[in-house]
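K.L.:
What follows is a predicted structure for the sequence shown.
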Amino acid sequence: MSVLQEYKCPSCGGSLEFNSKIQKMKCPYCDTEFEPEAFKELDEALSEEAVKDDSFSWTDTEKSDWTKEDGENIRAYVCNSCGGEIITDDTTAATSCPYCNNPVVMKEQLQGLLKPDFVIPFKLDKKQAMEAYKKHISGKKLLPAVFKEKNHIDEIKGIYVPFWLYDAAVQGSAQYKATNVRHWSDTNYNYTETRHYSVFRGGNMAFSKIPVDGSTKMADDLMESIEPFDFSEAVDFGTAYLSGYFADKYDVSMEDSIIRANERIKKSTVDALSSTVTGYTSVMPTGSNINMLSGSSKYALYPVWLLNTTFNGQKYTFAMNGQTGKFVGDLPMDKSKYMKYFGISTAIGTAAGFIATILFNLFFG
Ligand SMILES: [Zn+2]
Ligand SMILES: [Zn+2]
C-alpha cells in the first residue's frame, strides 16, 4: 500500500483544498486560509533521486517502437481519514476518496523523475466552467432543442494535465521560386512582363515552453485547442496546489513527446520564414532545411476543466482552459436544422497558437 498526502487544517482538522479564487489553501469548515508555500516542507522528499537530464538533441530518425503495456494497471491506497480503499489507475497523482470525499495526493507519482518542475494553478472554478459550457451551447443554432433543455453534464472534473515544455534554438533556411507579373498596353499591343526570382530566407529562432500533452488519456488535438496557457503565471511545483483536484502523471515520455514538439517547431520556423516572402505575384516553396542548435525540456502540470455529456448514446467531451477560460468541444447537430444552414460554416475553431517566444533574426541571401 502506498502513501497518501493529505492537508489537514491545524485549527479544526478539516481537509484543506486549493481555492482558485483566492489562490490559497482554504479550510471549508472554519474558513482559515494558508499560503500554498506553507506546505513546502511536505514536498522536500520529492526531490530525492531527482537527477534529471533535461537536454535533448534533434533526431531525425523518429522513434516509433514505443509500445504501451498491455492491460490496465491499478493501484490501491488506504484513505488516512476514513480507512476506505481508494482504487486508481497507475497514472493518477491526485484524486478524492470515494467514501469520505477527502482530497488526496499520491506522492509516489510525483517523486524523483516524476516530480514536475512547474504548475499553473487553477484560476477558474467549477461554477465558471459550467457557465462557460452554458454560454458555449447558447449561441449554437444547430443544436437540437432537447440537448439544450436537458442541459445535462454527466461529469465535470478539474484535472491537472501533464505537459512537456520544450525550449529550442533552431537555425532554418528556405528557398522559393517567385514571380512578378506586369501588364501594360500601347496603341498596337498588350504587353506582359514576367520576372523570375530565386528567393532565399534564413534565420535563427528561439522557442520557449512549447507545450506537448504528456498524457495518453487526453486527446492531443483537444489539448492543443485550449492553448495558449500563460506560462508567466506558472509557479514552482508544490503538491498543495493539487489538493481538491484530479491530477495525472505523464505516461508519454519526454523522448516520445519530442516528435510532436519537433513537428510544431519545424512548422513554425517554415511559416515564419515564408511570412517574410512578400511583394511577389506568385511564390512557390522549393525546399527548407531546419537544424536544432540546442534544446531542453521541463515538466509541468496545466489546469483543465473537462466536461462529459451523453446525447443519443454518444459521448461528447468539452474542455476549458482552467487558467484562461478558453472553451472548446464537439456539439451534436440537429440534422433538420443543419439543412437550413447548409453552406454556412459551423466548424468549431481548433486552430492552436502556442506560446512561442520568437526571436527572429533575418538575413537575406
Ligand atoms: Zn479548519
Ligand atoms: Zn476516505
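P.N.:
Nice, thanks for sending it over. Ligands and ions are numbered 1, 2, ... in the order given.

K.L.:
Model confidence for residue 75, exactly?
P.N.:
As summarised for this prediction, residue 75 has a pLDDT of 87.

K.L.:
Which strands and helices lie in contact with the helix or strand containing it?
P.N.:
Assignment of secondary structure by DSSP states H and E places residue 75 within strand 74-78. The helices and strands touching strand 74-78, judged by 3 or more CB pairs under 8 Å, 6 or more residues apart in numbering; DSSP states H and E, are strand 85-89, strand 103-106. Bear in mind the C-beta positions are built from the backbone N, C-alpha and C, glycine included.

K.L.:
rerun that using 6 Å as the cut-off
P.N.:
Identification of packing neighbours for strand 74-78 by 3 or more CB pairs under 6 Å, 6 or more residues apart in numbering; DSSP states H and E yields strand 85-89.

K.L.:
Wasn't residue 158 part of a strand?
P.N.:
Yes: when the secondary structure is assigned by DSSP: H, G, I helix; E, B strand; the rest coil, residue 158 falls within a strand.

K.L.:
Excluding residues flanking it in the chain, which one is nearest it?
P.N.:
residue 245 (4.5 Å; CB to CB, 6 or more residues apart in numbering).

K.L.:
how many neighbours does the one you found have?
P.N.:
Residue 245 has 26 neighbours, counted by other CB atoms under 10 Å.

K.L.:
Quick check: it vs residue 126, distance?
P.N.:
Relative to residue 126, residue 245 is positioned 10 Å away (CB to CB, to the nearest Å).

K.L.:
Get me the contact residues on this protein for ligand 2.
P.N.:
79, 81, 82, 84, 97, 99, 100, 102 (CB under 5 Å from the ion).

K.L.:
try 8 Å
P.N.:
Taking CB under 8 Å from the ion as the contact definition, the chain meets ligand 2 at 79-84, 86, 97-102, 104.

K.L.:
got these as TSV, with pLDDT columns?
P.N.:
Compiled in TSV, the residues of the chain next to ligand 2 are given as follows (pLDDT from 0 to 100):
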residue	pLDDT
79	91
80	89
81	88
82	90
83	90
84	91
86	91
97	92
98	90
99	91
100	91
101	90
102	91
104	93
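
K.L.:
Just the buried subset of those, please.
P.N.:
Applying a neighbour-count criterion of 16 or more other CB atoms under 10 Å, the buried members of the residues of the chain next to ligand 2 are 79, 81, 86, 97, 102, 104.

K.L.:
from those residues, which two are the most distant?
P.N.:
Within these, 81 and 86 form the most distant pair, 10.6 Å apart (CB to CB).

K.L.:
Extract the C-alpha set from the lengthiest helix in the chain and format it as CSV.
P.N.:
The helix that spans the most residues within the chain, counting by DSSP state H, is helix 254-274. Coordinates of each C-alpha in helix 254-274 appear next as CSV, following Å, rounded to 0.1, in the frame of the first residue of the first chain:
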residue,chain,number,x,y,z
MET,A,254,9.9,13.3,-22.8
GLU,A,255,11.7,11.4,-25.6
ASP,A,256,8.4,10.3,-27.2
SER,A,257,6.8,13.7,-27.0
ILE,A,258,9.7,15.3,-28.9
ILE,A,259,8.3,14.0,-32.1
ARG,A,260,5.2,16.2,-31.7
ALA,A,261,7.3,19.1,-30.5
ASN,A,262,9.6,18.8,-33.5
GLU,A,263,6.6,19.0,-35.9
ARG,A,264,5.5,22.2,-34.2
ILE,A,265,8.9,23.7,-34.2
LYS,A,266,9.6,22.9,-37.8
LYS,A,267,6.2,24.2,-39.0
SER,A,268,6.5,27.4,-37.0
THR,A,269,10.0,28.0,-38.4
VAL,A,270,9.0,27.4,-42.0
ASP,A,271,5.8,29.6,-41.5
ALA,A,272,7.9,32.4,-40.0
LEU,A,273,10.4,32.3,-42.9
SER,A,274,7.5,32.2,-45.5
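
K.L.:
how about low-confidence regions in the stretch 101-250 of the chain?
P.N.:
For the stretch 101-250 of the chain, the stretches flagged by pLDDT under 70 are 146-151.

K.L.:
Not counting its neighbours along the chain, what's nearest the most centrally placed residue in the chain?
P.N.:
Computing the C-alpha centroid of the chain and ranking residues by CA atoms, centre = their mean puts residue 223 first, at 4.4 Å. Nearest in space to residue 223, with sequence neighbours left out and distances taken as CB to CB, 6+ apart, is residue 213 at 4.1 Å.

K.L.:
Any idea what that neighbour is bridged to?
P.N.:
Applying DSSP bridges to residue 213 yields these beta-bridge partners: residue 163.
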